[in-house]
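> Using only what follows, build the 3D model:
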Amino acid sequence: MGELPQVDVDAVLAHTKVLSSDQFEGRAPGGKGEQLTVGYLVDQFRKIGLKPGNPDGTFIQKVPLVGITASPAPLVFSKGSQQVTLKWKDDMVAGTKRVVDTVALADSELVFVGYGVVAPEYNWDDYKGMDVKGKTLVMLVNDPPVPDRSNPAELDPKTFGGRAMTYYGRWTYKFEIASEKGAAGVFIIHETGPAGYPFEVVQGSWTGEQFDLVAPDKNMSRVPIQGWVSLEQGTNLLKMSGQDFQTLKRQAASRDFNPVALGVTASMTLKNKLRTINSQNVVARVEGSDPKLNAEYVVYTAHWDHLGVGEPVNGDRIYNGAVDNAVGVAGILEIARAFTKLQAPPKRSVLFMAVTAEEQGLLGSAYDTASPLYPLAKTAAAINIDTLNVHGRTRDLTLVEYGASELDDYARDATGEQGRILRPDPEPEKGFYYRSDHFNFAKQGVPALDPDEGVEFVGKPPDYGQQVRAQYTEHDYHKPSDTVKPDWDLGGAREDLMVFFAVGYRVAEAARLPEWTAGNEFKAKRDAMLKTAK
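So this is what the prediction gives:
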């Protein structure tokens, strides 16, 4: 990659320190943190010399959001004269996407629906025709773990991706299907292993203001109350109904599972404080040099938002979000600067988008892909940077959903030139491909790259990569302690950013658009889009 200018990681660190400083108040949408962040990013893109990315001549794409703050309330389970009250936050968290003052469950019947999945391609239906309208659903987290018949110790690779999580395993899907079924409420029983994060992460993310895009129906098609209960309380609930958690969990891993009416009712009333805001995606552009191809785009995305000011942990209330994702935003700023140092701009244009409200359900990128600034059929690729390696050089680079598209071939070439290799995701069960902004592009058919740090660290013990991952998930992820640490080493980030730069540059220069791999779940959407665009 000798022909490309270097990406400056000292500048990446400097940006990260600013964006994750206490002054920026954890970069929550809709407040002082957003104003400072957006102001900083627009200023930097201007200084770098990029053009405004919005065709209206500005660096801003407005994203209309509603902020909903539910007042803490108990959840009451009743069976005959027996009553159990779950405490807000300690035992459960809940909220609504409906833009109304009050939502309630009034003696709503509880039904255990296993994993809550309807997946025709796997001949799977956890509802078996049961009408759950007006009822409250209780579900397990992740996909059904279906044993492999030839080796029951392993999962069947042909069903729900084996060990890898599919979209059916995401909590967002579980709430969507509950809405489709007309349920009154839905609660997921949290388990740290299958969820990929401890209950504290859910507590931190779900208490306080929750944002969403506002649909024309004020989100009234969404399930009235959605939330999580702790494993302990979920187990107790099933016991109260005469069921055993582990037994039901085993049964739910089979196609033959039938939903179980629990004979317990749920009651809860949430009073909501509402505010509507225009949040902002920040968009900048490098103009392509080819008169025809410059109407096509390579897009780099990174989310600028984090969790803002929240519940104190060890006396600290500011959720600084240094790794998640100040460092990723800093990364796209410096890739943008590197593009301006090329001898000539690439043939296609390159768009840099720092998007809002990723932490609230990928909302900034969802808004852009639903109301795109540029046609998605003209979008060659999306390259997303959500966190960067801050622990030193690696011999490898992880690609989540490795093998999904021809973008992986570009990435393999670029890492190979550094004497490094690509690896598939070491934690496919956590469903990372469905958990960041590239997913909204992929869902609409645009080939999307989701890189993650390598696991084989130079000069470190073999398990070092796994250790730092586990440590971050347990101690810093979505906590106020996600700050710039004195022992950060951005040597690995430098090499990774050069790979992302090379991939974007080469796609922008290529004779044809990259394609999804045959059999990929997003390929049909892309093929149809390109056909109608011709």
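> what pLDDT does the closest residue to residue 404 other than its chain neighbours get?
Distances taken as CB to CB, 6 or more residues apart in numbering place residue 520 nearest to residue 404, at 5.5 Å, with adjacent residues excluded. For every residue, glycine as well, the C-beta is placed using N, CA and C. pLDDT for residue 520: 84.
> give me the number of residues near the closest residue in space to residue 227 that isn't next to it in sequence?
Residue nearest to residue 227 in three dimensions, not counting chain neighbours: residue 94, with 3.1 Å by CB to CB, 6+ apart. By other CB atoms under 10 Å, 23 other residues sit near residue 94.
> Surely residue 94 is in contact with residue 225?
Yes: here residue 94 reaches residue 225: they are 5.5 Å apart, a contact under CB atoms under 8 Å.
> Pull up the overlap in contacts between those two.
268, 270 (CB atoms under 8 Å, 6 or more residues apart in numbering).
> hang on, isn't residue 37 packed against residue 304?
Yes: at 5.2 Å, residue 37 counts as touching residue 304 under the criterion of CB under 8 Å.
> more crowded one of the two?
Taking neighbours as other CB under 10 Å, residue 37 and residue 304 compare with residue 304 leading, 30 against 26.
> Need the pLDDT of the closest residue to that one other than its chain neighbours.
Excluding the flanking residues, the one nearest residue 304 by CB to CB, 6+ apart is residue 354, at 4.3 Å. With respect to pLDDT, residue 354 scores 98.
> the helices in the stretch 51-200 of the chain, which residues?
171-180, 192-195, 199-206 (DSSP state H, counting those that start in this stretch).
> Now distance to residue 367 and mean neighbour count too, for these, in JSON lines please.
Listed next are the helices of the stretch 51-200 of the chain as JSON lines, based on distance: least, CB to CB, whole Å; neighbours: other CB atoms under 10 Å:
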{"stretch": "helix 171-180", "distance to residue 367": "15", "mean neighbour count": "19"}
{"stretch": "helix 192-195", "distance to residue 367": "26", "mean neighbour count": "16"}
{"stretch": "helix 199-206", "distance to residue 367": "20", "mean neighbour count": "19"}
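> The ones you listed: which one's closest to residue 322?
helix 199-206 (15.9 Å; CB to CB).
> List the strands paired with the helix or strand following the closest one, with their directions.
Moving toward the C-terminus from helix 199-206, the next helix or strand (DSSP states H and E) is strand 209-213. Sheet partners assigned to strand 209-213 using DSSP bridges are listed as strand 60-70 (antiparallel).
> got any residues that touch both of residue 37 and residue 304?
Between them, residue 37 and residue 304 share the contacting residues 19, 27, judged by CB under 8 Å, 6+ apart.
> now the strands for the stretch 51-200 of the chain?
All strands of the stretch 51-200 of the chain, identified by DSSP state E, counting those that start in this stretch, fall at 51-52, 60-70, 75-79, 82-86, 92-95, 102-112, 118-119, 124-125, 136-140, 147-148, 151-155, 185-189.
> before we move on, back to that, distance-wise, check the residue nearest to residue 227 relative to residue 262.
The spacing between residue 94 and residue 262, counted by CB to CB, to the nearest Å, is 18 Å.
> do the same with residue 19
Counting by CB to CB - residue 19 and residue 262 are separated by 46 Å.
> the more surrounded of those two?
The neighbour comparison of residue 19 against residue 262 (other CB under 10 Å) goes to residue 19, with 29 against 23.
> which residues touch the residue nearest to the more buried one when sequence neighbours are not counted?
Leaving aside its sequence neighbours, residue 19 sits nearest to residue 326 (CB to CB, 6+ apart; 3.9 Å). By CB under 8 Å, 6+ apart, residue 326 lies in contact with 15-16, 19-20, 27, 306, 320.
> rerun at 7 Å
16, 19-20 (CB atoms under 7 Å, 6 or more residues apart in numbering).
> cool, and residue 292?
Taking CB under 7 Å, 6+ apart as the definition, residue 292 has no contacts.
> Please report how far it lies from residue 345.
Residue 292 is 14 Å from residue 345, by CB to CB.
> Next: residue 215.
If you go by CB to CB, the gap between residue 215 and residue 345 works out to 39 Å.
> who's more crowded, these two?
When neighbours are counted by other CB under 10 Å, residue 215 and residue 345 differ, and residue 345 comes out ahead with 18 against 13.
> so what's that one up against?
With CB under 7 Å, 6+ apart, residue 345 has these contacts: 286-289.
> Please repeat the previous calculation with a cut-off of 10 Å.
If a contact means CB atoms under 10 Å, 6 or more residues apart in numbering, then residue 345 has 286-290, 294, 339, 505, 508 as its contacts.
> Now name the helix or strand holding it.
Secondary structure (DSSP H and E) places residue 345 outside all helices and strands.
> any idea how far it is from residue 505?
Distance from residue 345 to residue 505, by CB to CB: 10 Å.
> Report the set of residues contacting both of those two.
residue 339.
> Am I right that the residue nearest to residue 227 is in contact with residue 88?
Yes: counting by CB atoms under 10 Å, residue 94 touches residue 88, with 8.0 Å between them.
> got a list of what residue 388 touches?
For residue 388, counting by CB under 10 Å, 6+ apart, the contacting residues are 9, 12, 16, 302, 323, 325-328, 330-331, 451-453, 488, 490, 492-494, 496-497, 500.
> rerun at 7 Å
327-328, 331, 493, 496.
> Among these, name the ones in strands.
Residues of the contacts of residue 388 located in strands (DSSP state E): none.
> Using a markdown table, lay out the residues you listed together with distance to residue 314.
Listed next are those as a markdown table, based on distance: CB to CB, whole Å:
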| residue | distance to residue 314 |
| --- | --- |
| 327 | 23 |
| 328 | 26 |
| 331 | 29 |
| 493 | 28 |
| 496 | 31 |
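> mind giving me JSON lines with those residues and columns for neighbour count, pLDDT and distance to residue 279?
Below are the contacts of residue 388 laid out as JSON lines (neighbours: other CB atoms under 10 Å; pLDDT from 0 to 100; distance: CB to CB, whole Å):
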{"residue": "327", "neighbour count": "29", "pLDDT": "98", "distance to residue 279": "21"}
{"residue": "328", "neighbour count": "29", "pLDDT": "98", "distance to residue 279": "18"}
{"residue": "331", "neighbour count": "28", "pLDDT": "98", "distance to residue 279": "21"}
{"residue": "493", "neighbour count": "29", "pLDDT": "98", "distance to residue 279": "28"}
{"residue": "496", "neighbour count": "29", "pLDDT": "98", "distance to residue 279": "28"}
